[in-house]
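Enquirer: One predicted model, sequence on top.
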Amino acid sequence: NGDVRAFLVDFEEVAEAAGLETDRGKLVALKTLLGGRAKATVDAARRGPRKMGWATAKKVLAAEFDTPADLQEAMRRFKTAKMASRSNPTVFLAGFWKLLDRALPGLDGVPRHQLLSDQFNEVYYLFAHAYNPPACKTAPPRSVRVSPVRFHQANAVNNGGPDGLWPLQTPILIGHAGAGMKHVHHESDRLWPDNTICAFRRAEQLGLPMVECDATVTKDYKAVLLHHNFTVRFHTDPFSVKDCNRSFNLAHLPDPPVDEQTTNLVVRYSFSELRGLLGRDPSARPIEDSSSGCITHPKALTSTDPLPDVQGVHGHPLPELADAFRQTSTQLGFNVELKYPRETLLGKITRAIHEDVPITPNLAGPHSYFAKINKFCDKILDTIWKNAGDRVVILSSFNADVCAVLRLKQSHLPVMFITRGGVPSPTEPPDMFHVDLRHTSLAVATSWAQIMGLDGVVTLGSHFGSDPKEHPITEDEISQNASDLTEKCLACFVYGSGVSEDEFFAKATKYGLTGVIIDRVDGYVQEHCDGISL
């Protein structure tokens, strides 16, 4: 790749390992490997009155191959790098990383991250397998284009239709994990437990057009709903509720970064094992396959209907994704977040280079310790096609590779990239090397989403002033974020601290955001929704 300095360092280590410890021995060995321009450079330097030493040879060679023309050639090779169908992605990515360092040795920050993530797109076309929707009699999910951010644009009502945008009017309210994030599965707490069917039905009853849910897979590839990003943790204090004699409760604690050493990954448990731990009959008959028949979804709950039964079976944790669709009206849209570890191959290589760790074809990643990315995505897609019916379904993930693979597999369902946009997480190290460069900033995330043809991003409301005390931001910075999304024609949902306050909805409207993912849905609707169109 033209990086002579790196070559000479490697050569010196090999020569010493082979017993060539003297400078003269290294120089003689090096000359046997040189040809063309490199040999001519060394020969010309040796014609002087003094003998050329090893240090001089290294200096002469490095200077010869450090011209503007060499740097331009390195950039050309970086931009035109193509990975052969049988190549190893790890080796390929490490190679063009070095080409970029060679071409632009002083480049850092956002421009560097942008160039690397742009070039990485080449890899997806090789490892994203084609997806064929299953044959079933149930109506397929609706195919929509998610309304992009409209900053300084009239928020006109769309006329709908096959080519129309959804939602018709923005911003919409989206129930976080159903009726708002509630870290409970306790009988004594009447709040709606997250990611349960009763929480989805309550959001529907309150008139919300969409809920967010968190989908992952078990060891036997059942698609289930579980807020934990990747792990299952339990309280050991048993208690009883109606129709449920649980041995354990789900613990609701933020997930730290996971890797191949993590022992309690959800994919280590079968669905029946999890049901048993939660006091549900492991031998209970699983949900019937809908491929041979048509599903009849229930009517939407209204304010005059009884409240969903939080203590009954619909309040149980860990429902199947299929059940969440089957037990709710098709009027209720779903933003299905695919819970797959955030780190990617690009992130692993970034970290390895940063920490000077050898890069091998067997570099561990979520594909090796969690689930194969194609099989993971296909299972979620199959469940949606078989059970969602004629409703709006949006796909999203924190994992950039998952988003890219979902987009390449299909174009029927919208795909959005979830990112903190460079805002540090309290459960993660301050740097992003263990995750992915595409999370470095909101600008990098939106640029990559546009390049990959994604429909938008889901990000923290703090980028739009939802939490000014914890995350101060200027009006100019907010306007820049909104303008960038508008120019790129990308949708934007926001979540996090401060977004569930009435004053933020006014900001979301001002900046033309697509949707707001709110907590405490009951209280929010009662307090604020007289003048808000749901």
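Expert: Looks like it arrived, so ask away.
Enquirer: Determine how far stretch 314-324 lies from the middle of the whole chain.
Expert: 23 Å (CA atoms, centre = their mean, to the nearest Å).
Enquirer: Between the two ends of it, how far is it?
Expert: Across stretch 314-324, the terminal residues are separated by 9 Å (CA to CA, to the nearest Å).
Enquirer: For Gln410, list the residues it contacts.
Expert: Listed by CB atoms under 8 Å, 6 or more residues apart in numbering, the contact partners of Gln410 are 131, 133, 381. Quick note: C-beta positions are derived from backbone N, CA and C, even for glycine.
Enquirer: For the second one, list the residues it contacts.
Expert: Taking CB under 8 Å, 6+ apart, we find Pro133 in contact with 140, 381-382, 385, 410, 412.
Enquirer: and the contacts of Gln410, which of them are in helices?
Expert: With helices defined by DSSP state H, the entries of those inside them are Leu381.
Enquirer: hmm, back to that, from the contacts of Pro133, which two are the most distant?
Expert: For the contacts of Pro133, with distances taken as CB to CB, the pair at the greatest spread is Asp382 and His412 (13.1 Å).
Enquirer: out of the two, which sits in the more crowded spot?
Expert: Each of Asp382 and His412 has its neighbours counted (other CB atoms under 10 Å); Asp382 has more, 19 against 16.
Enquirer: I'd guessed the more buried one sits against Pro134; true?
Expert: Yes - taking CB atoms under 8 Å as the definition, Asp382 is a contact partner of Pro134 at 5.5 Å.
Enquirer: where does this protein have its least confident helix or strand?
Expert: Counting by mean pLDDT, DSSP states H and E, the weakest-scoring helix or strand in the chain turns out to be strand 239-241, with a mean of 44.
Enquirer: Extract the C-alpha trace of stretch 404-423 and format it as PDB.
Expert: In PDB, the C-alpha atoms belonging to stretch 404-423 read as follows (Å, rounded to 0.1, in the frame of the first residue of the first chain):
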ATOM      1  CA  ALA A 404     -27.400  -1.600   6.400                       C
ATOM      2  CA  VAL A 405     -28.300  -5.300   6.000                       C
ATOM      3  CA  LEU A 406     -32.000  -4.600   6.600                       C
ATOM      4  CA  ARG A 407     -31.900  -1.900   3.900                       C
ATOM      5  CA  LEU A 408     -30.100  -4.200   1.400                       C
ATOM      6  CA  LYS A 409     -32.400  -7.100   2.100                       C
ATOM      7  CA  GLN A 410     -35.600  -5.200   1.500                       C
ATOM      8  CA  SER A 411     -37.100  -1.800   0.600                       C
ATOM      9  CA  HIS A 412     -40.700  -2.500   1.700                       C
ATOM     10  CA  LEU A 413     -40.200  -1.400   5.300                       C
ATOM     11  CA  PRO A 414     -38.500   1.800   6.400                       C
ATOM     12  CA  VAL A 415     -35.200   1.500   8.300                       C
ATOM     13  CA  MET A 416     -33.800   4.100  10.700                       C
ATOM     14  CA  PHE A 417     -30.400   4.300  12.400                       C
ATOM     15  CA  ILE A 418     -30.500   4.800  16.200                       C
ATOM     16  CA  THR A 419     -27.600   6.900  17.600                       C
ATOM     17  CA  ARG A 420     -26.700   9.000  20.600                       C
ATOM     18  CA  GLY A 421     -24.800  11.200  18.100                       C
ATOM     19  CA  GLY A 422     -21.600  11.400  20.100                       C
ATOM     20  CA  VAL A 423     -23.300  12.100  23.500                       C
END
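Enquirer: Where do the helices of the stretch 51-200 of the chain begin and end?
Expert: If DSSP state H, counting those that start in this stretch is used as the criterion, the helices of the stretch 51-200 of the chain fall at 54-64, 68-80, 89-103, 109-127, 197-205.
Enquirer: Worst mean pLDDT among the ones you listed?
Expert: By mean pLDDT, the lowest-scoring of the helices of the stretch 51-200 of the chain turns out to be helix 109-127, with a mean of 58.
Enquirer: could the contacts of Pro133 be laid out in a markdown table, adding distance to Arg201?
Expert: Below are the contacts of Pro133 laid out as a markdown table (distance: CB to CB, whole Å):
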| residue | distance to Arg201 |
| --- | --- |
| Pro140 | 23 |
| Leu381 | 24 |
| Asp382 | 24 |
| Trp385 | 22 |
| Gln410 | 28 |
| His412 | 26 |
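Enquirer: Thanks a lot, catch you later.
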